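Asks: quick check, what structure comes out for this input:
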Amino acid sequence: MSQRALIIGVIGAGQCDSTIYQLAQDVGEEIGRRGAVLVCGGLGGVMEAAAMGTSSVGGITVGILPGPSTHAANRHIKIAVATDMGQARNVIIAHTADGLVAVAGGAGTLSEIGHALKIGKPVVGLKTIPDLRGVHYVDTARDAINRIFELI
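Replies: Numbers count the residues shown, from 1 in each chain. Next up is the predicted model:
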């Protein structure tokens, strides 16, 4: 029996500046290089950047979308899952991922972090909401992926 690939969630804001976008893209590249699957919310900003990074190195990207159509996914998502559940899809992302990397973000990201921690999933924080108990904070994309692989 073959072992399934690890699934790493990348969570963060749907809109971000170019510095955060590049950081999320670097995280995505690291995920793809390690042979893990990226799961994210499938839209823009951090989600798009991470998916771009993973797909640029031949990795698999999964987008768990808030709306009723797979057509809303960014162009770097290979597998789009339409939930028509709005923000409730955050619970699906937390349950699907073996571990999550939070890149910047706001209230939606905080929701995903909370769900992940509640169910015992490891969370690594990169320029995200500070001082959350249970989040492992790091400074670089490579450190984020090294740490999440240590924690899974």
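Asks: how deep is the nearest residue to Ile145 once chain neighbours are set aside tucked in, by neighbour count?
Replies: When the adjacent residues along the chain are set aside, Ile145 lies closest to Glu30, with 3.9 Å between them (C-beta to C-beta, 6 or more residues apart in numbering). For glycine as for every other residue, the C-beta is placed from the backbone atoms N, C-alpha and C. For Glu30, the count of nearby residues is 26 (other C-beta atoms under 10 Å).
Asks: surely Glu30 touches Ala144?
Replies: Yes. A contact is recorded between Glu30 and Ala144 when judged using C-beta atoms under 8 Å, the distance being 7.4 Å.
Asks: contacts for stretch 66-85?
Replies: 41-44, 47-48, 51-52, 54-55, 60-65, 86-87, 89, 92 (C-beta atoms under 8 Å, 6 or more residues apart in numbering).
Asks: any idea how far apart the tips of it sit?
Replies: When the termini of stretch 66-85 are compared using C-alpha to C-alpha, to the nearest Å, they are 5 Å apart.
Asks: what's the answer for stretch 5-18, then?
Replies: End-to-end span of stretch 5-18 (C-alpha to C-alpha): 30 Å.
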